[in-house]
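Q: Fold the following and give me the result.
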Amino acid sequence: MHLKGHKWLGVLLLAVLILSACGNDDGLLDSPIKETGFVLGTVVNLSVYNEGKEAAVSGAFDLISDWEAVLSDEIATSEVSAINKNAGLAPVEVSEPVFNLVKEAIHYGALSNGGFDVTTGPLTNLWRIGYDDARKPSQAEIDDTLPIIDYTKIELNETNQTVYLPSEHMELDLGGIAKGFIADEVVAYFDAEGVTTAIIDLGGNVYVKGNRPTGDAWTVGVQNPYLGRGQLLGRIRASDLSVVTSGIYERYLEVDGEQYHHILNPKTGYPYDNDIAGVTIVSETSLAGDALSTSVFSLGLDEGLQLIETLEDVEAVFVTKDKRILLSSGLTDQFEVLNENFETDAS
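A: The predicted structure follows:
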């Protein structure tokens, strides 16, 4: 996973609005045990409201670092790097979690008709959007790269638990799904450690665990894509849910007056050009939210919304370039608009 690519940095900011909480008799704190660190190429914030769980917070950071060491394509000793180094040479045996994660990635590739593609690493490296050396590649460079961008070419062997990239220079980049997977691992870890009330924020992938210490649901704010950080478009009431956003306005490259955002179409080599400015996925797992935020963006407004309506336990907020907000059917009573300049439609 490119730790500055995909949704690692620069997505539409999600802010958890923590209102002042009164104490109670459930062993919950008024102010959380909070730790902030830079890992996964982004700022990670963990807040736990259960009393005496300092060790669980530190342990969660250790867990995140451990998974980064396994999944990052920028760490030479990772399992993903081993797969990439052997592209066109030999299958690589991997751990069960990595094998299953690659299977999940392929599943979301199929679900999005190829819009979500974990082999886009070489294309991302051409553009370098989000890095200081970002540039618009030539058409010849894009044409040379596109033939090795194809998630359907990934070969999995269930018996030997191997992953194989059959073409030289192919790359597996799990950046569009790994952060969600890791967030879910933190949730499971907190369950095992007896943490019932927490906020897990992996650089914009937010999971709110349990309810606020008051017993009310958490309030998760969705940023206005046209204004600075902290300027909210609306908010969602949520408990034991993941909220993940992808959008085009915070990270882009400008060349000759034209903006190129970071969500690249693996079929054309250029950023997607549709009517979506941002999409927020509300789901029971962060893995699903992570993968679907890119998947539905790639499909565009109509097809993306249709896909969401076919999925259980998944909802979405779409923000269009003409400042409309469209909600999937399960969010019509859950999302509160905070900006009168946006028009709201329900599916």
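
Q: Test my guess that Asn211 contacts Ala217.
A: Yes. Using Cβ atoms under 8 Å, Asn211 makes contact with Ala217 at a distance of 5.8 Å. C-beta coordinates here come from the backbone N, C-alpha and C atoms, glycine included.

Q: Quick check, pLDDT for Val11.
A: Val11 carries a pLDDT value of 37.

Q: Likewise for Val206?
A: Reading off the confidence values, Val206 has pLDDT 94.

Q: pretty sure it contacts Gln223?
A: No. Under the criterion of Cβ under 8 Å, Val206 makes no contact with Gln223, lying 11.8 Å away.

Q: Tyr164 reaches Val94, doesn't it?
A: No. Using Cβ under 8 Å, Tyr164 is not in contact with Val94, being 10.5 Å away.

Q: Can you give the distance of stretch 195-214 from its chain's centre?
A: Mean-position distance between stretch 195-214 and its chain equals 16 Å (Cα atoms, centre = their mean, to the nearest Å).

Q: Just the buried positions in it, please.
A: Neighbour counts over stretch 195-214 (16 or more other Cβ atoms under 10 Å) mark 195-213 as buried.

Q: low-confidence ranges in the chain?
A: Applying pLDDT under 70 to the chain flags residues 1-25, 227-230, 249-250, 346-347.

Q: Next, give phi and psi for the residue most central in space within it.
A: Geometric centre of the chain, nearest residue: Asp290, 3.3 Å, by Cα atoms, centre = their mean. With angles defined as degrees, to the nearest 10, Asp290 sits at phi -60, psi -50.

Q: Ignoring the adjacent residues along the chain, who's closest to it?
A: Leaving out its chain neighbours, the residue that sits closest to Asp290 by Cβ to Cβ, 6 or more residues apart in numbering is Gly180, at 2.9 Å.

Q: Partner strands of the longest strand along the chain and their direction?
A: The single longest strand within the chain, with elements called by DSSP state E, is strand 28-39. Applying DSSP bridges, strand 28-39 is found paired with strand 42-50 (antiparallel).

Q: So for the strand it pairs with, what gets flagged as buried?
A: When neighbours are counted by 16+ other Cβ under 10 Å, the buried residues of strand 42-50 are found to be 42, 44-50.

Q: So which of those is the closest to Val243?
A: Asn45 (14.0 Å; Cβ to Cβ).
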